[in-house]
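Asks: Structure for this input, please:
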Amino acid sequence: MNDDLKSFLAPGFCRIEESACMAQWEAEQEDEQQDDDLIAEDVLETASISFWQMIRGFFFQTSDERKTDLRRRMQQLTAAIEIDPDAASSYLQRGEVREQLGHYELAQDDFLKALELAEEQFEGARWGIGSQVVMDTAWQRLQEVSRRIN
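Replies: Model (predicted):
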């Protein structure tokens, strides 16, 4: 008897005769194998579809798909800001997403906030070069968005 069957026949677990319990165990093993086979088929089918959809989406994303991705990303960044409101990079990234969606005034607000936080962090020597990169990028994006607004 193998170890799986021994554990299945453990005292107190199976209260019926050993032969009936063994038949039950074999039936369960067969069901598990069928389930595993079905899952493997589904995974292979999904993987092949997903791969080609991923390739198509990477090179030929529709405008609706792009907007959906941007909106999802904006929701994630907003959630990140709620968790850590002092993260300048989150404001910068959300501003970039808002800019891509055409929400220039909101993007401008995010770039200003990113610039403000990054300056504070740079002066406090908390982030060093990371803060400098965020400041430079926020300043550049802020100028671009301001031109679009005016």
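Asks: mind listing the helices for this protein?
Replies: 3-8, 18-60, 63-83, 88-101, 104-123, 129-149 (DSSP state H).
Asks: Any idea which of those helices has the lowest pLDDT on average?
Replies: Across those, the stretch with the lowest average pLDDT is helix 3-8; it has a mean of 53.
Asks: quick one on the thing from earlier: of the helices of the chain, flag the one that's most buried.
Replies: Stretch with highest mean neighbour count among those: helix 88-101 (a mean of 22; mean count of other Cβ atoms under 10 Å). Where you see a C-beta, it was placed from the backbone N, CA and C, and this is true even at glycine.
Asks: what angle do it and helix 104-123 make?
Replies: Angle between the axes of helix 88-101 and helix 104-123 is 160 degrees (criterion: axes from the mean of the first three to the mean of the last three Cα atoms, to 10 degrees).
Asks: Pull out the CA atoms of helix 88-101 and give them to me as PDB.
Replies: Taking Å, rounded to 0.1, in the frame of the first residue of the first chain, the C-alpha atoms of helix 88-101 are listed here in PDB:
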ATOM      1  CA  ALA A  88       6.200  62.000  -5.200                       C
ATOM      2  CA  SER A  89       6.700  59.300  -7.900                       C
ATOM      3  CA  SER A  90       3.100  58.200  -7.600                       C
ATOM      4  CA  TYR A  91       1.900  61.700  -8.300                       C
ATOM      5  CA  LEU A  92       4.300  62.000 -11.200                       C
ATOM      6  CA  GLN A  93       3.100  58.700 -12.700                       C
ATOM      7  CA  ARG A  94      -0.600  59.500 -12.200                       C
ATOM      8  CA  GLY A  95       0.000  62.900 -13.800                       C
ATOM      9  CA  GLU A  96       1.500  61.200 -16.800                       C
ATOM     10  CA  VAL A  97      -1.500  58.900 -17.100                       C
ATOM     11  CA  ARG A  98      -3.900  61.800 -16.700                       C
ATOM     12  CA  GLU A  99      -2.000  63.700 -19.400                       C
ATOM     13  CA  GLN A 100      -2.300  60.700 -21.800                       C
ATOM     14  CA  LEU A 101      -6.100  60.700 -21.100                       C
END
